[in-house]
Every structure is written in C-alpha cells, then in structure tokens.
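Colleague: give me coordinates for this.
(one chain, ligands or ions: 1)
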Amino acid sequence: MSARERILQLRRELHEHNHNYYVLNSPSISDYEFDMLLRELQELEEQYPDMYDAASPTQRVGSDITKEFKQVAHKYPMLSLGNTYSKEEVAEFYERVRRFLNEDFEICCELKFDGTSISLTYADGRLVRAVTRGDGEKGDDVTANVRTIRTVPLLLHGAGYPAEFEIRGEVLMPWAVFERLNEERARNGEQLFANPRNAASGTLKLQDSSVVAKRGLDAYLYFMLGEQLPAEGHYENLQVARQWGFKVSDTTCKCRTIDEVFAFIDRMDVERKNLPFATDGIVLKVNSLRQQKNLGYTAKSPRWAIAYKFQAERAVTRLNEVTYQVGRTGVVTPVANLDPVQLSGTVVKRASLHNADIIEKLDLHIGDMVYVEKGGEIIPKITGVDTDVRFMLGEKVRFIDKCPECGTPLVRVYGEAAHYCPNDTACPPQIKGKIEHFVSRDAMNIDSIGPETIEMLYNYGLVKNIADIYTLKAEDLMFLPRMGAKSAENIVAAAQASRAVPFERVLFALGIRFVGATVAKRLARAFRDIDTLMDATAEQLVAVDEIGERIAAAVVMYFANVKNRELIAQLREAGLCFEVKDDESSSRSELLKGKSIVISGVFTHHSRDEYKAMIEENGGKNVGSVSKSTSFILAGENMGPSKLEKAEKLGVPLVNEDEFLAMLEQ
Ligand code: IVH
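Modeller: The predicted model follows:
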C-alpha cells in the first residue's frame, strides 16, 4: 500500500473509532492503540502536506492537545488487575495464593475506584511529578493539572518519608461535581460526559490547568512504591501515607479468612451506593510486601492482587413509546418511555436512547421487553432487547425526520451522531431555552425572569426572541397571571441593569453552540469587538488558543445567519456591550500589541499559564498552532518536534523564556 493510500485508510479507521468512542460510548480499541494510529497518521500527513484535509482526525481539537504533554517513562510499569465477577472466582484466587505461599497471609480489601489512575512521585517530601497510566510503560506528564487537585498534597506532613517514592491512586470526579459539570455543559450546548470516569480523565488532559482547578477533582491513593517504604505491609504503608497527608479510604481493611473477604464484598456492595463517588468493584491485595514479591507478576498483572467487579444493576421492563426532546441548541434526543421498574433504589420510567444509531443497533420495537442498566452513568440506559419474549412484533422504532416541536426537517451534521432542528430562530423550545440561557446568572443575570415567566412571556407573544426582553415595559407585564407590579418593575430594572454586563458575558449569553463561558472569554479577548468577530474566518478563529474547528465552524455558522445578525443589531440598539472595555482587559502594556505568540514546551521560571497571562496582559495574542502569521514561539524545553519543524519551515523565530522576560522588562 502506498503512503497516500495508508493516509486515507487511517483516516477512515480513526473516524470509525472516534465515533465508537465518543458517540456510541463503546470504544473498539484501546486509547493507546488509538493514539498510535493517530500518531502514524500525523507523521504521514507531515510528510505529505499536499494531502492536507481539514476533516482529518488529526485536525480535531483533542489530538493536538494531548500531544503537548511530555511523555514520561514509568519507573515501575503501571499494570492492570485481573478481573473476577463471582465469589467462586474470588475463592479460586484465594486458594491459588494459599497453595503458593503455604503460610499464613492477610488480604487487604479496598474499593475499586472508578476514575483514572495516576502515579505521583515525591522527592524530599515535595510532589515533583504526576503521570497518567498511558500505555503502562509511559504516560503523560500532567503535573500542572494534578497540582490543582486539592486532596493531593504538594508538600508532605510530618517526617520519616523516604527521600524518593511513588504513590499511585485514582483521580475521581465526585457525583455531585459531575452532575453540575454536565448541567453546565448542557446549558452551553457542549457534549456531555457519559460518566464521572470519562469526566475525570478528560479533565486531567486539559491544557489549561486553571480550568482543571475549577472542575473539583478528587484523588484517593492506594499503592505505595519505592526502595525504602515505612512498613512491611501494604495496609500499614497506606496508614502512614494518610499521616503524610494523602487521602486514603477508610473503608480499606485487612482480612484473615475468605469469609471475612466475602463479608467485606457484601457490605461494600450495599455501602457503595451511599458513597459520593463511583466505584465498580473491590480490589483484593496480599498484604505482606515480602509475600507479594514471592508471588510476583504475570506479563500484565500482579499475581498478588485481583479485582472483583460488581454486577451492573439491570432490570427488564416494557418499552411503551419513544418520544423526542428538543434542547436549546436544537439537538433532538430520543427518550424511551418505560413501564416503571425498580433499579438501584429508584423507580425508572424513562431512559435516554442517545441517538439514531443506538436505536438502530438495538433494533427496537414498541412493546419490546428491554434491559435497563444503571452502570457508572446517571441516566439509565437500554442495553438490549429480550427477543425470547417477543411474541408479537410491535412497530419498529424509527428516528423521526421532522422536528416534533416545529415540523422543520431535521439535519445531521457529517461525522456527528446527533440530529438537529435547524430552525434555531423560530422553534419554540429552542427560543425558550435560549432566553433561559440568556437571562441566567453567568450570562446577563436577569434572574428575576424564571422559566415559568419565560413560558408566559413567550405564550403571550411578549417575547419572541432575546432582544424583546429589552422592549418590555412594566405595564405590559403587570397583566400577566401571578405577576404583581413589584415583580414587573424588578424585571424591567434587571434588564436595564444588564446593559453593564461585559462583552465576554454578552457573547456567552447569545448561546452559540459550543461557546461556553471560557470560550466566550477567549473570543472576546482575541477579537475585542463583535464586528471583528462576526467577520472572522474559521482560519482566524482556530488561530486562537483552545479554539478548535468544531467551535470555529459553529461561530461562523451562527454569524452567517442574517437573523442572528439582525438580533445583534437589535441588542446593540438596546445598549448592550459589544466590545471589550479597556479597563476590563487590565492591559499593563502594549509591548506585545499585534503579536501572535505560540507557547510550546516546558518552562522553569513561570508556568505556562503565567506566560499566557503575561502575553495577554501585554496586549499580545496567544495562539495554539504555528502559522505564517505567528510572530514568534515562546519556546521552552522539549518543544514538540512538529512545531519545531513547522517553525523552521515558515521562518518563525524562537524566543526562549529569558529572552521573553527581558522583552517585557523594557
Ligand atoms: S491497585 C498492580 N487498587 O483499577 C496493582 N487499583 O484494573 C495496581 N483501581 O489501573 C492497581 N481502585 O486505575 C488498585 N484500590 C485500588 C484501585 C485500583 C481502582 C484501578 C486502577 C488500575 C485499575 C486496574
């Protein structure tokens, strides 16, 4: 096969894997295999620049980002655990260990945390490195992000810790944080995380650690490694680790018999439902380090430990109907309406069917008996159909082709699983949703208008789009049911006051797909006013740090719609702020005015984020990728090879951090 054919083949394969992973939530290959294929494609594309294709999987936002983390080899490989699914298998493990050791032993029983694993290195009591599992041999250096996790000690407490050691554990996103994050993402029209595990690993791979800091991650530690550990027992080491400031679960305990192990499993299968984070089983470890060493390892996992996975809870019930919900951004979500059934302590009546592909894959018919599971996910899902009890075949479920709310033919964007109603300026739930978003606290903060008021305002024809909020008069409002003079005046006053809201929040309030608060802030700072932003091309948009193609396309599409341009004209007429006021940007100088700067590599004097802030504060623009319009690269150690090559090719100068700091001294 020629290299060119291979490029096309890799693109096809990667698109498929992407879809399986992100859309269907059922990965077809491991992350590592995926990354290897992606890397191969990246290299080939660099060799054959004429094969450039904006739709290549390498052009997706994610890929360039992960590449930025420095890869670090693990001192001790990060292995996985053998899995068991029944008490018989647990008993077999116990028996194997007993026969092998032929002496007394203890088993340390722990929760199996359902997050993403991390290895922390401490030297002289300081956190020096945090690395993801990666392929087990080497992982991504995510130290800057892990530093933001409050439960990870940066400096150890007490004394007596070894000069250097590693401690491993799990980074988690607690349920409450996960739910809040997804609610926010839903409001911003962003793709939801399927479960807290994906949310935790996605967050750890973010480029901007200030965003990570706000995500509320947590970490439990469960494995200490090193030459001179404090104790001979695993459990005892963890207790010491707790003294040093690590978060160690207090459910962990030592068992002397298999019956004690079973009792632990039974207890935890109940108690885990009250825990604030997700778990997916139990981990059993031979406690003595000497015995661990004797038992040793297979190629993939230790012989001294095993995982017992909890059964995902499942129920069978009848599918009565599939209905469709239209969200603020026009995404149409199919919902299965079920005969009520008990599942993990709640009554389930509805389950999400996600998208058309999933309905097709399940081959659903009305009246089918379906399996409903609550795995790590919050919303129950339908995992299959019991075809053995299908005596009569009901009507086949087919995804609708018109919007259930306004009748507009639905569209499906190439490469995405979701169907949209494109009628975003007149479809009722989209308009009401947009108004709710517009008035919300982080947007225009006109919070005296709640959802019921919006419903009324819309139904009475008083507000047909967000601009109408500014033409409301107290007299119009007072005649609405349950609306007093005082509330009417409050609404009008809050709308008046919202004219002071800064540009970045106005931009967020518009409710452009994928433009959340952070993206809006970046766009506002980069383009300074709405006219420049409205005329920006996709190319100019992706040149802004953290703005990928998906966002750029959504922004271009939004402003290409004349109705949206009219809306902006009306809002401007109403007196809203459509440019960055100078006192907001707190520009310390104009030293870097007009300069587009790419940051790459690892720095010693300041963090990447600090350099980003310095560039912005001095009037410069922070951009993500090297192009001919890049003024210079602020280059640290270990700069990415592809960036280096591109810079050389385009003649973009490199500036090291000392030179850069000297530049700002002027
Ligand atoms: S010990 C050599 N303990 O499960 C043993 N792992 O399938 C290393 N995990 O990658 C792992 N809770 O991410 C261990 N209490 C626990 C755990 C745990 C969750 C995860 C971990 C690991 C995976 C192994």
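
Colleague: okay, and the beta partners of the residue of the stretch 251-400 of the chain at minimum distance from the ligand?
Modeller: Closest approach of the stretch 251-400 of the chain to the ligand (Cβ to the nearest ligand atom) occurs at Val283, with a separation of 4.0 Å. Backbone N, C-alpha and C define where each C-beta goes, glycine included. Partner residues in beta bridges with Val283, using DSSP bridges, are Glu110, Ala307.

Colleague: give me every residue that touches it.
Modeller: When contacts are counted by Cβ atoms under 8 Å, 6 or more residues apart in numbering, Val283 is found next to 81, 109-112, 222, 305-308.

Colleague: at 6 Å what do you get?
Modeller: Remark: with contacts taken as Cβ atoms under 6 Å, 6 or more residues apart in numbering, Val283 is in contact with 110, 112, 307.

Colleague: sec struct for whichever residue of the stretch 1-150 of the chain sits closest to the ligand, please.
Modeller: When scored by Cβ to the nearest ligand atom, the stretch 1-150 of the chain has Ser117 as its residue closest to the ligand, at 3.2 Å. Per DSSP: H, G, I helix; E, B strand; the rest coil, the secondary structure class of Ser117 is strand.

Colleague: give me the nearest residue to Thr329, chain neighbours excluded.
Modeller: In space, and not counting its chain neighbours, Thr329 is closest to Gly189: 3.6 Å by Cβ to Cβ, 6 or more residues apart in numbering.

Colleague: tell me the pLDDT of the one you found.
Modeller: Model confidence at Gly189, expressed as pLDDT, equals 72.

Colleague: least trustworthy helix or strand in the protein by mean pLDDT?
Modeller: Lowest mean confidence among the helices and strands of the chain (mean pLDDT, DSSP states H and E): helix 61-67, at a mean of 33.

Colleague: quick check: next helix or strand after that one?
Modeller: Of the helices and strands lying after helix 61-67 in sequence (DSSP states H and E), the nearest is strand 71-73.

Colleague: what is the mean pLDDT for that next one?
Modeller: For strand 71-73, the mean confidence score works out to 91.

Colleague: now do it: distance to the chain's middle.
Modeller: Taking the mean of its C-alpha atoms, strand 71-73 sits 23 Å from the chain's own mean (Cα atoms, centre = their mean, to the nearest Å).

Colleague: that one: what's the following helix or strand?
Modeller: Using DSSP H and E, the helix or strand that follows strand 71-73 towards the C-terminus is strand 83-84.

Colleague: can you tell me if that following strand touches the ligand.
Modeller: No - residues of strand 83-84 contacting the ligand under Cβ under 6 Å from any ligand atom: none, with a closest distance of 7.2 Å.

Colleague: partner strands of that strand, parallel or antiparallel?
Modeller: According to DSSP bridges, the neighbouring strands of strand 83-84, each with its direction, are strand 305-309 (parallel).

Colleague: just checking, what packs against the helix or strand just after the partner strand?
Modeller: The first helix or strand that comes after strand 305-309 along the chain, using DSSP H and E, is strand 313-326. Of the remaining helices and strands, those touching strand 313-326 by 3 or more Cβ pairs under 6 Å, 6 or more residues apart in numbering; DSSP states H and E are strand 331-343, strand 369-374.

Colleague: give me the mean pLDDT for strand 313-326.
Modeller: 93.

Colleague: what does stretch 557-571 give?
Modeller: For stretch 557-571, the per-residue pLDDT averages 95.

Colleague: which parts of the stretch 51-200 of the chain are helices?
Modeller: Assignment of helices within the stretch 51-200 of the chain using DSSP state H, counting those that start in this stretch yields the ranges 61-67, 87-101, 143-146, 175-187, 196-204.
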